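**Q** predicted structure and sequence below. I'll ask about it afterward.
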Amino acid sequence: MSSSLCPWSKGAIRAEAMRLGAVAFGCARAAGVDSRFRAAYRRWIADGCHGTMDYLAKYDDVRFDPRRLLPGARTVISMAFPYRPAGGYHHPLIADYALGEDYHRVLKGRLASLAGFISANYGAQSRACVDTAPIPERYWAERAGLGWRGLNGQLIVPGVGSGVFLCELVTTLELEPDAPLDGDCGRCGACVRACPGHAIGTRRLDARRCLSYLSIEHRGELPQGVNWGPMVYGCDICQRVCPHNVGEPPEPLAEFNVDHRLLALDPCSFANLTSGDWRRLTARSAMSRVKLVKIKAILNINKI
């Protein structure tokens, strides 16, 4: 059953994904990525735009062909789960996605449930990817018709915006592919103008100038002379000025609701935290990957 096209199963799988909290769902045929993406990605790496994220220059065999991740794979199912806080609230120092529980753990659980549903009903194997495998998420989301990439490289889901987590199930079940959407940002450019680090080109991000990268992923001493803007963990400025993110967002999963202990953090309370306080406060948050000493260094550099 897993090796033949199952047109009746796609609607049921979509319904199950939506029940699990997805706001967008689409399918693409599992195959090698197109030559344009491959060339652009290799050029991005060669230009050093990945900064110190050396892992992005590895595992190209899987990155460029999801069938290397799961033998017999026939479909890449792409999904989007919303995380923007309700009521239009934004923490002045912390990126929206980190205000709830760690999305890696939460969405792995959701995808495990969906993989179990597929296995039980259609006898197919699946492999879940939640920002932990070398799968180009935005590429597959575009191929599956979830949305299009904005000038800042973020995927824009029509009617939802870019405040979503993307994840995939690579599966041996053959499902009818969805058509990519025809959309772009036109002449807007709001994100390009607003970026404090001037990191945004045309759908190309130079991580070395991106405050999100510098505050989370960068290894080594923090560069001097950076305009950090108002944030110390991540950066949402390009998304906050995007007209596609205006209006009330879809309700996120309960696990992504804002942790009110994080809401109380301001520059003074950050400065007074101990390492033990920080570990306890961020134990269930994606913020746990960054040490408090780095947060305090950013506060000190920018005199927040």
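**A** That came through fine. Numbering: from 1, shown residues only.
**Q** what pLDDT does Gly201 get?
**A** According to the prediction, Gly201 has pLDDT 82.
**Q** what's the burial count for it?
**A** Counted with other CB atoms under 10 Å, residues neighbouring Gly201 total 13. Bear in mind the C-beta positions are built from the backbone N, C-alpha and C, glycine included.
**Q** so what does Leu69 look like in phi/psi?
**A** Recorded main-chain torsions at Leu69 are phi -80, psi -30, according to degrees, to the nearest 10.
**Q** doesn't Pro136 make contact with it?
**A** No - with contact defined as CB atoms under 8 Å, Leu69 does not reach Pro136; the gap is 11.9 Å.
**Q** more neighbours: these two, which one.
**A** Neighbours were counted for Leu69 and for Pro136 using other CB under 10 Å; Leu69 has more, 20 against 17.
**Q** for Phe81, helix, strand, or coil?
**A** In the three-state summary, Phe81 is assigned as strand, counting by DSSP: H, G, I helix; E, B strand; the rest coil.
**Q** before we move on, what SS does the residue nearest to it when sequence neighbours are not counted have?
**A** Once its chain neighbours are removed from consideration, Phe81 has its nearest residue in Phe165; the separation is 4.8 Å (CB to CB, 6 or more residues apart in numbering). In terms of secondary structure, Phe165 is strand; the call rests on three-state DSSP.
**Q** contact partners for Phe165?
**A** Phe165 makes contact with 80-83, 97, 103, 107, 130-131 under the criterion CB atoms under 8 Å, 6 or more residues apart in numbering.
**Q** ok, now how distant is it from Arg209?
**A** Applying CB to CB, to the nearest Å, one obtains 24 Å for the distance of Phe165 from Arg209.
**Q** same check, this time on Gly88
**A** Using CB to CB, which is the criterion applied here, Gly88 is 28 Å from Arg209.
**Q** just want to know which of those two has more residues nearby.
**A** Set side by side, Gly88 and Arg209 show unequal neighbour counts under other CB under 10 Å, the larger going to Arg209 at 19 against 12.
**Q** from the contacts of Phe165, which shows the smallest pLDDT?
**A** Looking at the contacts of Phe165, model confidence by pLDDT dips furthest at Asp131: 89.
**Q** show me what contacts it?
**A** By CB under 8 Å, 6+ apart, the neighbours of Asp131 are 103-104, 137, 165-167.
**Q** cutoff 7 Å now
**A** Applying CB atoms under 7 Å, 6 or more residues apart in numbering, we find Asp131 in contact with His104.
**Q** can I assume it sits in a helix?
**A** No - looking at Asp131 with three-state DSSP, it is coil, so not inside a helix.
**Q** now stretch 169-177: average pLDDT?
**A** Here stretch 169-177 scores 97 as its mean pLDDT.
**Q** and the contacts of that stretch?
**A** With contact meaning CB under 7 Å, 6+ apart, stretch 169-177 is reached by 2-7, 9-10, 27-30, 66, 69-70, 72-77, 111, 114-115, 118, 122, 124-129.
**Q** give me the buried positions along that stretch.
**A** For stretch 169-177, the neighbour count (16 or more other CB atoms under 10 Å) marks 169-175, 177 as buried.
**Q** between the two ends of it, how far is it?
**A** Using CA to CA, to the nearest Å, the span of stretch 169-177 from its first residue to its last is 14 Å.
**Q** before we move on, what about stretch 184-194?
**A** Length of stretch 184-194, first residue to last, CA to CA: 18 Å.
**Q** what about Arg105, how many residues nearby?
**A** One way to gauge burial is a neighbour count; for Arg105, by other CB under 10 Å, it gives 12.
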